[in-house]
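When you get a sec, could you give me coordinates for this:
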Amino acid sequence: MTSTVLAAAAFGADPGRWPLPPARDAEGLLLRAVAAGGQGRYGSARSDLAELLRLQPTGRVGALAMSTRASFHRQLGWHAVARRWDGRAIALAGRDPEAAVDALIGLAADALGLARLAASAALLQRATALLEATEAAPPRLAIRLAWVNSELAMAARDGPDALNHARRAAELAQMALPALRRHRVKSDVVLAAALCSAGDLVRSRELADAALVDVETFGLVPLGWALACLLSGIGSAAHSPAEVARIRDRTAAFVTRHGGRWSSR
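Now for the predicted structure:
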């Protein structure tokens with residue numbers, strides 16, 4: 001029962017569940033950390049990962065733990081720190097394709113955050129090749145791959161390509177429902193940003209406003225901050241500029257209170 005609840009919170013239909021039940025094993029600690037991090041409760045998530053890493057896990061669980069820790073740093077803007085954890089993840093992944101693809105996608109996102117666009121593209125190509133050669137890969141991997149491809153295209157100022165990848169992510173996430181609810185919401189965040197990059201501010205604004213409702217429903221605070229940052233630039237049809245600023249400040253403050261430390265970059 002506990003493992004089912006944690007799986008639903010981390011990768012299922014219940015990403016906003018809090019408090020989470022205690023974990024009974026290494027896999028449970030990983031699921032708890034993923035779920036808490038998605039809610040912006042980074043202190044709790046890091047605590048679970050620290051307990052997990054004290055068990056000195058190897059292979060898939062160890063690599064995914066490293067990738068998860070990297071994602072927390074990356075979400076807060078610490079891309080150089082995240083790269084070190086993703087590097088450890090790829091070293092531990094060995095022949096496990098899920099863990100290896102996760103680590104490669106993470107490294108690509110790290111490189112993108114450090115403005116190393118060519119390196120990011122090369123890592124995404126490696127991840128794509130490995131994913132295509134993997135049978136029965138978890139759907140979340142293709143979704144994550146599409147996110148970072150879209151973000152890379154945005155960084156390269158290629159709005160149409162960014163839009164294609166973002167739409168692919170949203171389609172894959174929609175197909176996975178009711179699982180991967182958090183991935184579905186984040187796909188809308190990426191798609192809203194891609195629409196903005198492609199110059200469709202009306203549709204970007206509409207989607208971002210709708211995604212804010214989902215963020216509130218499912219308690220996905222970091223995604224709420226990202227949406228508020230986007231809407232502060234393009235305007236909201238549902239909220240005044242002052243309200244958007246309050247959402248941005250409130251979500252940032254929540255992350256700080258719950259153990260997150262924003263990069264000043």
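
how many other residues sit next to residue 39?
25 (other Cβ atoms under 10 Å). (Glycine included, C-beta is placed from N, CA and C.)

same question but for residue 171, I mixed them up
Quick note: residue 171 (other Cβ under 10 Å) scores 14 neighbours.

and it, how far is that from residue 228?
26 Å (Cβ to Cβ, to the nearest Å).

Check residue 214 too.
Noted for residue 214: a distance of 14 Å to residue 228, by Cβ to Cβ.

Looking at these two, which is more packed in?
More neighbours surround residue 228 than the other of residue 214 and residue 228, with 24 against 19 (other Cβ under 10 Å).

Need the phi and psi values for that one.
Taking degrees, to the nearest 10, you get phi -60, psi -40 for the backbone angles of residue 228.

what does residue 237 give?
The phi/psi pair for residue 237 (degrees, to the nearest 10) reads phi -90, psi -10.

got a pLDDT number for it?
Residue 237 is assigned a predicted lDDT (pLDDT) of 97.

Was I right to think it contacts residue 208?
No: Residue 237 lies out of contact with residue 208 (Cβ atoms under 8 Å); the separation is 9.3 Å.

Please say which of those two ends up with more neighbours.
Between residue 237 and residue 208, counted using other Cβ under 10 Å, residue 208 has the larger neighbour count: 29 against 10.

Let me know whether the more buried one touches residue 224 as I believe.
No: look at residue 208 against residue 224 with Cβ under 8 Å: they stay out of range, at 10.6 Å.

how about the nearest residue to residue 226, chain neighbours excluded?
residue 189 (5.6 Å; Cβ to Cβ, 6 or more residues apart in numbering).

sec struct for the one you found, please.
At residue 189, secondary structure determined by DSSP: H, G, I helix; E, B strand; the rest coil is helix.

If I follow the layout properly, residue 128 ends up in contact with residue 146?
No: using Cβ under 8 Å, residue 128 is not in contact with residue 146; the gap is 10.2 Å.

The two: which is more packed in?
Taking neighbours as other Cβ under 10 Å, residue 128 and residue 146 compare with residue 146 leading, 23 against 16.

how much space between the more buried one and residue 37?
20 Å.

Report the contact partners of residue 227.
189, 192, 208, 211-212, 215, 247 (Cβ atoms under 8 Å, 6 or more residues apart in numbering).

got the phi/psi numbers for it?
The phi/psi pair for residue 227 (degrees, to the nearest 10) is phi -70, psi -40.

Please tell me how far it sits from residue 192.
With Cβ to Cβ as the criterion, residue 227 and residue 192 are 7 Å apart.

any shared contact partners between the two?
Listed as contacting both residue 227 and residue 192 by Cβ under 8 Å, 6+ apart are 208, 211.

For the residue nearest to residue 226, list the residues it contacts.
208, 211, 223, 226-227, 230.

Filter those residues down to just the ones in helices.
Filtering these for membership in helices, criterion DSSP state H, returns 208, 211, 223, 226-227, 230.

out of the residues you listed, who's nearest residue 45?
Checking the ones in helices among the contacts of residue 189 against residue 45 with Cβ to Cβ, the nearest one is residue 223 at 15.2 Å.
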